[in-house]
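Undergrad: what follows is a protein structure lacking sequence information:
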């Protein structure tokens, strides 16, 4: 079932096979849907006056290390490595690649860059440098390609995908209000483009047995909700948005303080752009011209 | 001089310091300029009917290896590595990160993904799978984030940057005509946005002493031209576009054949989007609202 939807996407030129599971090119019509949905996000969120920042798909390794990502999700991270040798090393490298018996990548050295695991990771250290956060809060609008090393033939589980995010910093009341507002908006937006949604409490895919406890804790405290839409399975719908309340954990880690000196609370709302496009293609068919008029109107009207 | 332009870009919120040379976030107004310039490219190239494809910032490592990039530019490539261990390995990893004496990244294993070095690299194997190329040629429209490991404080030399490309495949005449057409268009486009341009023969930054010969050969045969605009130095203007004729080298490597069985020739034209935006900010100032009316009109009119 999953493979067949992927094959249909390849056949229609919406996704492009690269020979690696979870790594796909996008056809022009697939991109058009992403662009249109991002404009819809702009219209819904625009009046909030968020500050737009666009980080590249890689981030400072030092900040990544400090984030604790390797504690929670070591299996998903991607570090970037480069050749740092001289001409003699280069000749050995080329011989190694030619013979093909040994793994040539062993000589690669880690650079200062790690692939961005979620669009908001580079934001916290950036805001921390600026000084204190106003008592009425701060709001940021982010989008970037993100990497997660989880090869899969489910087109909704890609290794490189785009996440659009709003991140709110302020008092507990301020950021939990923000999260609730986007849960309401998210449901309405998806209904407006003809998608069948539910919202449920959720947890992150923490690594290992110790991670199970973290996951249970996250669920018990209602820290993460997901907006779910059926894509490759009706029984297990796919998370297309997530709504995360970090309490003061990120504020304490990164030194984010409100003007009165208290540690800021933070929350973020993320859109999985490829997943939303896939949900639209799965629900309304692969031919955009044949989508229901009201859906087309919401996206391109 | 270079550092000071970078500092002014940081101060104006156009670029965002991440603590790593050549790795910057982009402010909303910087992005607006990139979006506007891409729309200008769309208008100029739109009637050519190129097929749009958008690849993510990483590509299949097997294709990257076959491309020969590690022969020519080993120092610039970025391979993506992940943790592939069990819970015991994870505990050792965390201890290693905590103690900080040993390099924790040594245990990372290369994945099937390498960062894309130029927007067109994933295209050739994709087109090769499709079968023969029509005698009147094939044309593709690409854009992606690209990685080059060359840390620098010159804002025009970034490690992660976006490249927009058109790639043409066909007979020698067809693809060299394409290249000449875009050299003319490129000069006109830059003049229309008030930039002072020259075009010159150029070469790629091939690695080592053996690379010098390749570079000389490329220049002697006029295989690469660059459109240059002063950004951080008037004496050494920055390449903001490149115009590359590959003869039948890529056609032969990837098995790209015309309908009559001959090996296809290929050429590509690349826009360095961040560099063009930087040239605009350097030439017209950091306040977009104060740019000359005709430039604003060309970009947003």
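TA: Now that the structure is in, tell me what you want to look at. Note that the structure is predicted; figures quoted are calculated from it, not measured.
Undergrad: got the domain boundaries for chain A?
TA: A:2-78+A:117-300, A:79-116 (automatic domain parsing).
Undergrad: could you dump these into TSV and include mean pLDDT and distance to residue B:254?
TA: Bear in mind the C-beta positions are built from the backbone N, C-alpha and C, glycine included. Shown next, in TSV, are the domains of chain A (pLDDT from 0 to 100; distance: least, C-beta to C-beta, whole Å):
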stretch	mean pLDDT	distance to residue B:254
domain A:2-78+A:117-300	97	13
domain A:79-116	95	18
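Undergrad: would you turn those domains into CSV with distance to chain B?
TA: Putting those into CSV (distance: least, C-beta to the nearest C-beta, whole Å) gives the following:
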stretch, distance to chain B
domain A:2-78+A:117-300, 3
domain A:79-116, 4
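Undergrad: my guess is residue A:286 contacts residue A:14. True?
TA: Yes - using C-beta atoms under 8 Å, residue A:286 makes contact with residue A:14 at a distance of 6.4 Å.
Undergrad: who has more neighbours out of those two?
TA: Set side by side, residue A:286 and residue A:14 show more neighbours around residue A:14, with 23 against 17, by other C-beta atoms under 10 Å in any protein chain shown.
Undergrad: report how many residues lie close to the closest residue to residue A:19 other than its chain neighbours.
TA: Of all residues not flanking residue A:19 in the chain, residue B:60 sits nearest, at 4.8 Å (C-beta to C-beta, 6 or more residues apart in numbering or on different chains). Around residue B:60 there are 20 other residues, counting by other C-beta under 10 Å.
Undergrad: so residue B:60 bridges to which residues?
TA: As for beta bridges, residue B:60 partners with residue B:113 under DSSP bridges.
Undergrad: residues contacting it?
TA: For residue B:60, the contact set (C-beta atoms under 8 Å, 6 or more residues apart in numbering or on different chains) comprises A:18, A:19, A:20, A:23, B:112, B:113, B:114, B:122, B:125.
Undergrad: 7 Å - rerun?
TA: With contacts taken as C-beta atoms under 7 Å, 6 or more residues apart in numbering or on different chains, residue B:60 has the following neighbours: A:18, A:19, A:20, A:23, B:112.
Undergrad: distance to residue A:105 and secondary structure for those residues - can I get that in CSV?
TA: Listed next are the contacts of residue B:60 as CSV, based on distance: C-beta to C-beta, whole Å; DSSP: H, G, I helix; E, B strand; the rest coil:
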residue, distance to residue A:105, secondary structure
A:18, 18, strand
A:19, 17, strand
A:20, 15, strand
A:23, 17, strand
B:112, 11, strand
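Undergrad: the residue sitting nearest the centre point of chain A: what's its closest spatial neighbour, skipping adjacent residues?
TA: Nearest residue to the geometric centre of chain A (C-alpha atoms, centre = their mean): residue A:163, 3.7 Å. Excluding its sequence neighbours, the residue lying closest to residue A:163 (C-beta to C-beta, 6+ apart) is residue A:119, at 4.4 Å.
Undergrad: can you give me the strands in the stretch 101-250 of chain A?
TA: Per DSSP state E, counting those that start in this stretch, the stretch 101-250 of chain A carries strands over the ranges A:109-115, A:138-147, A:160-170, A:198-201, A:224-229, A:238-245.
Undergrad: redo those strands as TSV? Include distance to residue B:233.
TA: Formatted as TSV, those follow (distance: least, C-beta to C-beta, whole Å):
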stretch	distance to residue B:233
strand A:109-115	26
strand A:138-147	31
strand A:160-170	35
strand A:198-201	55
strand A:224-229	50
strand A:238-245	45
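Undergrad: buried residues of stretch A:194-204, list them for me.
TA: The neighbour-count check on stretch A:194-204 (16 or more other C-beta atoms under 10 Å in any protein chain shown) flags A:194, A:195, A:197, A:199, A:202, A:203, A:204 as buried.
Undergrad: now the contacts of residue B:60: which count as buried?
TA: For those, buried by 16+ other C-beta under 10 Å: A:18, A:20, A:23, B:112.
Undergrad: let me have these in TSV, adding distance to residue B:237 as columns.
TA: Shown next, in TSV, are those (distance: C-beta to C-beta, whole Å):
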residue	distance to residue B:237
A:18	36
A:20	38
A:23	36
B:112	39
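Undergrad: residues of the host helix or strand of residue A:4 that come out buried?
TA: Per DSSP states H and E, residue A:4 falls inside helix A:2-11. For helix A:2-11, the neighbour count (16+ other C-beta under 10 Å) marks A:5, A:6, A:9, A:10 as buried.
Undergrad: hmm, who's touching that helix?
TA: With C-beta under 7 Å, 6+ apart, helix A:2-11 has contacts from A:15, A:17, A:153, A:154, A:155, A:232, A:282, A:286.
Undergrad: from the chain's centre, how far out does it sit?
TA: Relative to its parent chain, helix A:2-11 has a centroid offset of 22 Å by C-alpha atoms, centre = their mean, to the nearest Å.
Undergrad: pull the contacting residues for the residue of chain A most remote from its centre.
TA: Centroid-distance maximum for chain A: residue A:88 at 41.1 Å, with C-alpha atoms, centre = their mean. If you count contacts by C-beta under 7 Å, 6+ apart, residue A:88 has none.
Undergrad: please identify which of the buried ones among the contacts of residue B:60 is nearest to residue B:105.
TA: In terms of C-beta to C-beta, no member of these lies closer to residue B:105 than residue B:112, at 18.3 Å.
Undergrad: I'd guessed that closest one sits against residue B:61; true?
TA: Yes - counting by C-beta atoms under 7 Å, residue B:112 touches residue B:61, with 5.1 Å between them.
Undergrad: so how far is stretch A:111-123 from its chain's centroid?
TA: Centroid separation between stretch A:111-123 and its chain, computed with C-alpha atoms, centre = their mean, is 11 Å.
Undergrad: got the end-to-end distance for that stretch?
TA: 20 Å (C-alpha to C-alpha, to the nearest Å).
Undergrad: what pairs with the closest residue to residue A:222 other than its chain neighbours across the strands?
TA: Of all residues not flanking residue A:222 in the chain, residue A:201 sits nearest, at 5.8 Å (C-beta to C-beta, 6+ apart). Counting by DSSP bridges, residue A:201 is bridged to residue A:225.
Undergrad: how close does residue A:145 get to residue B:299?
TA: 25 Å (C-beta to C-beta, to the nearest Å).
Undergrad: more neighbours: which of the two?
TA: Using other C-beta under 10 Å as the criterion, residue A:145 and residue B:299 rank with residue A:145 on top: 22 against 19.
Undergrad: show me the beta-bridge partners of that one.
TA: With DSSP bridges as the rule, residue A:145 is bridged to residue A:162.
Undergrad: for it, what are its contacts?
TA: A:57, A:160, A:162, B:56, B:57, B:145.
Undergrad: from these, which is closest to residue A:139?
TA: Closest to residue A:139, out of all of the contacts of residue A:145 and judged by C-beta to C-beta, is residue A:162, at 20.0 Å.
Undergrad: right, and the closest one touches residue A:274 too?
TA: Yes - contact criterion C-beta under 7 Å: residue A:162 and residue A:274 qualify, at 6.3 Å.
Undergrad: okay, those two: which has more neighbours?
TA: Using other C-beta under 10 Å, the more surrounded residue of residue A:162 and residue A:274 is residue A:274, with 24 against 21.
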